[in-house]
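Asker: pasting the sequence and the predicted coordinates here, then a few questions.
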Amino acid sequence: NNEFYHNNVKKLETTSTGVAITGGITTSGSSTINADFTFVGASSKVITFDQSEGHIRYLDNAKAQFGTQGDLHIYHDGTYNRIAANAQIFLQNKAANETYFAGYENGRVE
């Protein structure tokens, strides 16, 4: 094993399966990950990338959030598929000049 330190604190170590890093990673330029990848939450893995199938999977209750304040959530709770928003929801064409569906709070739908 090779170990690398910063201010007498181990930050990187080679292992039999790759490397172990303590701390964050900052890159400049593009990075490529050509393997399976797992994001781990507070209690378990929540998001996986399966390289062989080429998809990202959000496990039950892991939310894809959009907007600066996370205003839109898309997730599966183990039973139901959910789209939750702090405002109305529109299903529109790519140019956003035709609305197929408009949903508003308190049940109004157009």
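Answerer: Happy to help now that I have it. Numbering: from 1, shown residues only.
Asker: what's near enough to touch A64?
Answerer: By C-beta atoms under 8 Å, 6 or more residues apart in numbering, the contact list for A64 reads 58, 73-75. All C-beta spots, glycine's among them, are computed from the backbone N, C-alpha and C.
Asker: do that again at 7 Å, thanks
Answerer: 58, 74-75 (C-beta atoms under 7 Å, 6 or more residues apart in numbering).
Asker: show me what it bridges to in the sheet.
Answerer: When assigned by DSSP bridges, A64 has beta-bridge partners I74.
Asker: quick revisit: most neighbours out of the contacts of A64, which is it?
Answerer: Y75 (18 neighbours; other C-beta atoms under 10 Å).
Asker: just the strands in the protein please.
Answerer: Using DSSP state E, the strands of the chain run over residues 3-6, 9-15, 18-21, 37-40, 45-50, 55-58, 64-66, 72-76, 81-85, 89-92, 99-103.
Asker: okay, these in JSON lines with mean pLDDT next?
Answerer: Below are these laid out as JSON lines (pLDDT from 0 to 100):
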{"stretch": "strand 3-6", "mean pLDDT": "94"}
{"stretch": "strand 9-15", "mean pLDDT": "94"}
{"stretch": "strand 18-21", "mean pLDDT": "92"}
{"stretch": "strand 37-40", "mean pLDDT": "90"}
{"stretch": "strand 45-50", "mean pLDDT": "90"}
{"stretch": "strand 55-58", "mean pLDDT": "94"}
{"stretch": "strand 64-66", "mean pLDDT": "94"}
{"stretch": "strand 72-76", "mean pLDDT": "94"}
{"stretch": "strand 81-85", "mean pLDDT": "93"}
{"stretch": "strand 89-92", "mean pLDDT": "95"}
{"stretch": "strand 99-103", "mean pLDDT": "95"}
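Asker: next, format the ones you listed as TSV and append distance to E110.
Answerer: Listed next are the strands of the chain as TSV, based on distance: least, C-beta to C-beta, whole Å:
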stretch	distance to E110
strand 3-6	58
strand 9-15	55
strand 18-21	51
strand 37-40	37
strand 45-50	34
strand 55-58	29
strand 64-66	22
strand 72-76	19
strand 81-85	16
strand 89-92	9
strand 99-103	4
